[in-house]
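Asks: show me the folded form of this:
(2 chains)
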There are 2 protein chains.
Amino acid sequence: MTLKLDPKTDLSFTRTLAVPRQLVWECWTQPEHIPHFFVPAPHKVTSVDIDLRVGGRFNTTFDVDGNIMENVGVYLEVVPGKKLVFTDAYSEGWKPAPEPFMTAILQLEDAADGGTIYTATARHRSPETREQHEQMGWGTAATQLEAYARSLPK
Amino acid sequence: MTLKLDPKTDLSFTRTLAVPRQLVWECWTQPEHIPHFFVPAPHKVTSVDIDLRVGGRFNTTFDVDGNIMENVGVYLEVVPGKKLVFTDAYSEGWKPAPEPFMTAILQLEDAADGGTIYTATARHRSPETREQHEQMGWGTAATQLEAYARSLPK
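Replies: Here you go, the predicted model:
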């Protein structure tokens, strides 16, 4: 389904990555890969806890200039190799977060040259959180993911 | 998975309904049944639009003392006959709602006598929304569902 986006609250782009679709999927769903691209360098991901199923946890710890941030979230939709949706609006057991930040929708398709047509969308509750996300370096993950995935052994 | 509840923000009860589990499931997932129990009488449900899948819509219209309320929501988890999770925190396409009200988790098990062990949980972002939900007659749906389902042809 094509998303009906709202430019006031959504961020979205489509890019072709020179990496096969299956590898993009693995980078986004296997905990050992996440620290290599998930947050804009030089910030770090220091732990990743994944239960890859609808309602399962996607918990990470960030080190942002020495400040430790615990992020808890869940997967909303898991279509292997094709679509991954996650959010901080819930923690495990569908416990709603008081002030959720965003919902990410990743959609993957094969590109003709063996790469991946990569569409990343972040939906927000308000224009303010959208703006904040953009300022944080939204979109950098895809650039970092591509560079990291190309460095992996074939 | 047993839920770790938070009494400050969650409402939950378990009751045995004298209705088979499959019929309870049908009442909650087929649009023709919803108006018969979903809101406390004498309030009315005047339309129901269901796309029963993860991320699919669960949209309803209420008539509360002549005030028309449009409610949009989605299903978060659909385990046929066993578990249904829905919320107004999203509309279709995983668009976050600015001010979500609640997330409902319905869990069904067979009771020994052919009835259903029915656990209903509503999770909220804040103690205030929990309180508001309780005042609205939280729990009445189960009572109305049981009475309605027992009236259906076997």
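
Asks: looking at chain A, which helix is longest?
Replies: For chain A, the longest helix by residue count, based on DSSP state H, is helix A:140-151.

Asks: ok, the spatially most central residue of chain A - contacts?
Replies: Compute the mean C-alpha point of chain A, and by Cα atoms, centre = their mean the closest residue is residue A:104, 5.8 Å away. By Cβ atoms under 8 Å, 6 or more residues apart in numbering or on different chains, the contact set of residue A:104 is A:84-87, A:120-122. Using the backbone N, CA and C atoms, a C-beta is placed for each residue, glycine as well.

Asks: send the alpha carbons of the helix or strand hosting it over as PDB?
Replies: Secondary structure from DSSP states H and E places residue A:104 in strand A:103-110. What follows is strand A:103-110, C-alpha atoms only, in PDB (Å, rounded to 0.1, in the frame of the first residue of the first chain):
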ATOM      1  CA  THR A 103       7.200   5.600  13.900                       C
ATOM      2  CA  ALA A 104       9.600   4.300  11.200                       C
ATOM      3  CA  ILE A 105       8.500   2.500   8.100                       C
ATOM      4  CA  LEU A 106      11.100   0.800   5.900                       C
ATOM      5  CA  GLN A 107      10.100  -0.600   2.500                       C
ATOM      6  CA  LEU A 108      12.500  -2.600   0.400                       C
ATOM      7  CA  GLU A 109      12.300  -3.500  -3.300                       C
ATOM      8  CA  ASP A 110      14.700  -5.100  -5.700                       C
END
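
Asks: distance from the chain centre to it, please.
Replies: Relative to the chain's own centre, strand A:103-110 is displaced by 9 Å; criterion: Cα atoms, centre = their mean, to the nearest Å.

Asks: just checking: what are the partner strands of that strand?
Replies: If you go by DSSP bridges, strand A:103-110 pairs up with strand A:83-87 (antiparallel), strand A:116-123 (antiparallel).
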